Each structure stands twice: as structure tokens, then as C-alpha cells.
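Student: Predicted model follows, preceded by the sequence.
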Amino acid sequence: MEEVKKEFNHTGGVNMTEGSIPKLLIKFALPTILQNITLVVNSLVTAILAGRFIGAVALGAVAVTMPIIFIINSIAQGITQANSILIAQAYGRRDYEEVKRIIDTSSVLMEMVCLTMMVLGIIFCNQLLGLIKTPDEIFPSAKTFFIIHLIGVPFIFVQFLFFQSLRGLGDSKRPMVFQFVSVGINLLTLPLLVTGVFGMPKLGIVGLGAASVFGNVVLAFVIFIMLRKEKSILAPHIKNIQFVPKIAKMIFKIGFPSMIQQVLLNASVLFILSLVNGFGHFVTEGYGVGTRIDFLAFAMSISICMSVSIISGQNLGVEAYDRVKKAFGWGVLFSVIISLIPASFAIFAPKLLMSMFINPNLPENMPVIEVGVSYLRIVGFNYILFNLLFAAEGIPLAAGQTWVATCVTLVATCLVRIPVAYWLSHTSLGYRGIRIAMICSSMTAIIIILSYFFSG
């Protein structure tokens with residue numbers, strides 16, 4: 001195989017228009033996989049501490065608020081995804097001035113969006129939680145956690161922007177290092193604030209949110225200082241920032257369908273959660289633990305999807321279409337292989353996974369564990385389907401055709417997942433029918449996206 005040729009310059013980027021596709025895919029994906037695994041470990045530790053030291057109600061509170069948080073984040077992700085696509089294509093052409101204009105314009109848009117989302121979230125907090133029928137036992141904790149999280153939204157949005165910008169340049173290592181800093185701070189402060197060890201106040205659910213916000217604040221400043229110190233092309237220069245309306249229009253053209261896709265996905269999660277909440281807090285808490293394990297299952301394949309998208313983006317910039325097809329093929333292969341690991345654990349050892357979060361020796365926790373075990377045994381098969389879908393979506397994203405993924409989501413979610421989940425949840429299957437609807441939705445999405453790709 002041809003050796004991977006790295007081309008470093010003042011941008012800190014990597015040339016992905018030359019060299020072995022599988023090697024490039026692995027070398028780009030590994031840091032992203034480690035970064036995502038770090039996030040998952042952080043999420044797992046958070047959930048374990050919440051479940052063990054605060055109680056199952058804390059797990060339910062986090063599970064309830066997460067879909068709302070994801071909807072807020074989806075707005076930012078639409079902008080940053082468009083930003084990374086444009087940067088990858090410009091960098092593939094070696095147009096560094098265009099890269100600078102793209103990051104400046106994206107920064108201005110991001111600040112406007114994040115402040116708007118934070119203010120609206122705080123104002124309409126009660127209405128949002130009420131809309132998804134949050135159980136009374138969970139509502140106070142969910143509200144507290146949600147408001148604390150909103151305070152950290154501007155700093156989280158900074159991470160989204162610069163992580164995606166660096167990846168657009170082909171640099172997946174620095175986002176990994178930056179994420180290690182944030183997670184490390186969170187893992188150090190979280191036990192102190194949640195459990196009250198070493199004389200620290202035992203803040204419970206407040207400490208759960210505060211530790212995360214503190215880590216994100218520190219990381220935002222670390223990113224700012226490091227990029228300025230390196231004189232990176234991505235370093236923010238407030239006095240000389242360039243806002244280019246033409247680029248802003250392109251960002252919205254590419255990013256808006258992605259925003260709609262993410263909003264649809266998370267709105268469907270809210271609808272599903274409202275169905276879950278209707279079965280009582282035990283089901284909500286079991287569902288919450290199950291979704292934490294979902295994050296682990298999807299973390300690695302999301303990294304493969306990013307790799308496929310960035311490699312394809314740079315090669316589309318120089319019209320190297322054969323390399324784009326190779327990136328798709330290798331991405332699908334790696335995603336399917338990786339998905340077999342979490343799928344096996346979910347199907348064959350679900351109780352072991354649940355016991356990591358919930359103490360199985362307490363009788364009051366048994367209903368929660370039973371719900372979680374049922375959840376994992378069904379969605380374990382979905383992990384393989386979802387990971388295949390992630391890899392396949394990387395190609396249209398790289399081309400800036402975000403509308404493709406949006407249309408797939410519209411059909412699979414609005415026409416399959418939601419109606420099937422509603423119907424099955426009102427049969428003898430109960431909450432188990434909701435999980436089956438997820439598999440039906442994934443199969444529909446895969447058929448559509450593969451038909452699009454092979455149609456040329």
C-alpha cells in the first residue's frame with residue numbers, strides 16, 4: 001500500500017487528497033474515536049455517580065433533559081457541520097484565505113445563535129419540561145440540571161465550532177487533546193461536588209451540572225489561548241474578524257437542512273420520551289440508563305462517519321471521485337465491524353451493563369434494571385444498523401448535500417418511527433414496542449441512503 005503522505009503547514013492541517021484511504025481513515029478516526037470514548041466514559045461516570053450517590057431520580061432527570069439539550073445543540077451542529085464541509089473543500093484546494101473567511105463568518109453566526117438559545121431555554125424551561133410530560137418525581141431535578149447546563153451553552157458552542165474547524169483541516173488530534181482537558185477537569189470535580197468528599201459540599205444534582213459547566217469554561221479558554229499561541233489560521237481575532245454575507249448564505253444553505261435533520265431527530269426523541277414517561281418513572285429511569293449505553297455504541301461509528309466526510313470533502317475539492325468511493329467502502333466496512341462489540345454486550349449481557357449504573361442489590365432498583373435489560377436486548381440489533389447508516393451518510397455530507405440526510409430522517413422518523421412507536425406502545429407490547437419502532441426506522445433509513453448512493 002502507498003504510504004500516507006502528510007502535508008503540514010501553518011494551518012496545522014493534513015493533506016487527504018493523497019495516500020492510502022484506509023490508512024488515512026484510521027489515522028483520522030483514531031483520535032476522534034478516543035475523544036468520543038472519553039466523552040462516553042465521562043457520561044458513564046456521571047451516570048454512575050448520579051445513580052449511586054444521588055439516586056435513580058437523577059438519572060431520570062438527565063434522561064428527560066438530554067433530548068431538549070440535543071435540540072439546542074442541533075442548531076449549533078448545523079452551523080459547524082456546514083463550516084467543516086466548506087473548510088475541508090477550501091483546504092483541499094489550498095485556498096487558505098477562504099478558510100480564514102469561513103471560520104470568521106461562522107464565529108459571528110455561532111455567537112448570535114448560542115446567546116439566543118440560552119436565553120430562550122431559561123425563559124421557557126417549565127414549558128419545555130411540561131411538554132414532554134416530565135413525571136412529578138423528576139421535574140424539580142430536571143429543571144435544576146437543565147438551567148445549569150444552559151449557563152454553559154456559549155462555551156459548549158465554542159467547542160463545537162473549533163473542533164469541527166480543525167477536523168475540516170484534517171486535524172483530529174488537537175480536538176482529542178482539548179477534550180481530554182475538559183473531561184479530566186470534569187472527572188476531578190464531579191466526585192467532589194456530587195459526593196461531598198474531602199469536606200466539599202454535597203451538591204447532588206447541582207454538582208452534576210456545575211462540574212460539567214466548569215470543565216467547558218476552562219476548555220473554551222484553553223482552545224482560545226492555544227490557537228492564538230500557535231498563530232493558527234483558526235485563531236479568533238476579534239478586531240480583524242471578517243463577516244462575509246456570501247459565506248454566511250452558504251453556511252445556512254448547507255447547515256439549515258442539517259439543523260432540520262437534527263431537530264427532527266431530537267423532536268422524535270422528545271415524542272418517544274413522552275411515550276416512555278407515560279409508563280411511569282421506573283420506565284423513564286431504565287430508558288435513561290439504556291440511552292447512556294447507546295452513546296457508547298455509537299461513539300466509534302460517529303468517528304468513522306466524520307472521517308469519511310472529511311476525507312471525501314477534501315477529495316471532492318480536487319474532484320478525486322474515485323477516492324470518494326473508496327472512502328465510502330472502507331467506512332462502511334469499519335463501521336459494521338466496530339458495531340459488533342457493543343451489540344454483543346447489549347444482546348447477551350444486558351444485566352451486566354445495567355449493574356454498572358444501578359445497584360442490583362437494592363429491591364427498589366429491580367424494576368429499573370428489568371426495563372433497561374429489555375431495552376438493550378432489543379436495540380442491540382439496532383446498533384449495527386445505525387452504524388452502517390452513519391458511514392453511508394458521510395458522502396452526501398461531504399458534498400454539502402445535507403438535504404439528503406434530512407430527507408432520509410424525515411421519512412424514517414416522521415413516517416416510520418413516530419407512528420409505529422405510538423401504535424406498538426398502545427398494544428400488548430407496551431414500552432417494548434417503542435424499541436421495535438427504532439429498528440424499523442433504521443432499516444428504512446439504510447434502504448433510502450444506499451439507494452441514493454448506488455444511483456450515482
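Tutor: That came in fine, so what should we check first?
Student: Give the burial count for Leu424, as a bare number.
Tutor: Here the neighbour count serves as a burial measure; for Leu424 (other C-beta atoms under 10 Å) it reads 20. Yep, even glycine has a C-beta here, placed from its N, CA and C like the rest.
Student: Give me the pLDDT for Asn247.
Tutor: Let me fix one detail, which is that residue 247 is Ile and not Asn. Listed pLDDT for Ile247 reads 87.
Student: do the same with the one 10 residues further on
Tutor: pLDDT recorded at Pro257 is 79.
Student: okay but it is in contact with Thr409, surely?
Tutor: No: contact between Pro257 and Thr409 fails when scored by C-beta atoms under 8 Å: they sit 9.5 Å apart.
Student: Check the offset of the helix or strand in which Ser335 is found from the chain's centre.
Tutor: In this assignment (DSSP states H and E), Ser335 forms part of helix 321-348. Computed by C-alpha atoms, centre = their mean, to the nearest Å, the separation of helix 321-348 from the middle of its chain amounts to 18 Å.
Student: In terms of secondary structure, what does that helix contact?
Tutor: Judged by 3 or more C-beta pairs under 8 Å, 6 or more residues apart in numbering; DSSP states H and E, helix 321-348 is in contact with helix 21-49, helix 281-317, helix 350-355, helix 366-398.
Student: how far off helix 21-49 does that helix point, in degrees?
Tutor: For helix 321-348 against helix 21-49, the angle between stretch directions is 30 degrees (axes from the mean of the first three to the mean of the last three C-alpha atoms, to 10 degrees).
Student: coming back round to it: any residues in contact with both of Pro257 and Thr409?
Tutor: Common contacts of Pro257 and Thr409 (C-beta atoms under 8 Å, 6 or more residues apart in numbering): none found.
Student: helix/strand/coil for Glu18?
Tutor: In terms of secondary structure, Glu18 is coil; the call rests on DSSP: H, G, I helix; E, B strand; the rest coil.
Student: Can you give the contact residues for stretch 178-189?
Tutor: Contacts made with stretch 178-189 from outside it, assessed by C-beta under 8 Å, 6+ apart, are listed as 35, 38-39, 41-42, 45-46, 159, 162-163, 210-212, 214-216, 218-219, 222-223, 226.
Student: go with 6 Å
Tutor: Defining contact as C-beta atoms under 6 Å, 6 or more residues apart in numbering, one finds that stretch 178-189 is touched by 35, 38, 42, 211-212, 214-215, 218-219, 222-223.
Student: Those into TSV, with extra columns for distance to Val336, pLDDT and neighbour count?
Tutor: As requested, the contacts of stretch 178-189 are arranged in TSV below (distance: C-beta to C-beta, whole Å; pLDDT from 0 to 100; neighbours: other C-beta atoms under 10 Å):
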residue	distance to Val336	pLDDT	neighbour count
Gln35	22	78	22
Thr38	23	80	18
Asn42	27	76	20
Ala211	36	81	25
Ser212	33	80	24
Phe214	39	85	19
Gly215	34	82	24
Val218	38	87	17
Leu219	33	85	24
Val222	36	84	15
Ile223	34	84	25
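Student: Narrow those to those in helices?
Tutor: Mapping the contacts of stretch 178-189 onto helices (DSSP state H) picks out 35, 38, 42, 211-212, 214-215, 218-219, 222-223.
Student: burial of the residue lying closest to Ile378 once chain neighbours are set aside, as a residue count?
Tutor: For Ile378, the nearest residue in space outside its immediate sequence neighbours is Arg435; the separation is 3.9 Å by C-beta to C-beta, 6 or more residues apart in numbering. Other residues lying near Arg435 total 24 when counted by other C-beta under 10 Å.
Student: OK, contacts around Arg435?
Tutor: Residues counted as contacts of Arg435 (C-beta under 6 Å, 6+ apart) are 375, 378-379.
Student: next one: phi and psi at Val244?
Tutor: The main-chain torsion angles of Val244 are listed as degrees, to the nearest 10 and equal phi -110, psi 110.
Student: for Gly170, that is, sorry about that
Tutor: With angles defined as degrees, to the nearest 10, Gly170 sits at phi 90, psi 10.
Student: measure it to Ala88 for me?
Tutor: Gly170 sits 8 Å away from Ala88 when distances are taken as C-beta to C-beta, to the nearest Å.
Student: low pLDDT regions in the stretch 201-350 of the chain?
Tutor: Scanning the stretch 201-350 of the chain for pLDDT under 70 picks out 201, 236-238, 300-301.
Student: what's the closest of the contacts of stretch 178-189 to Ala327?
Tutor: Comparing those against Ala327 with C-beta to C-beta picks out Gln35 as the nearest, at 20.1 Å.
Student: so who does the closest one touch?
Tutor: Under the criterion of C-beta under 6 Å, 6+ apart, the contact partners of Gln35 comprise 175-176, 179.
Student: How about Asn266?
Tutor: With the criterion set at C-beta under 6 Å, 6+ apart, Asn266 makes contact with 67, 70-71, 74.
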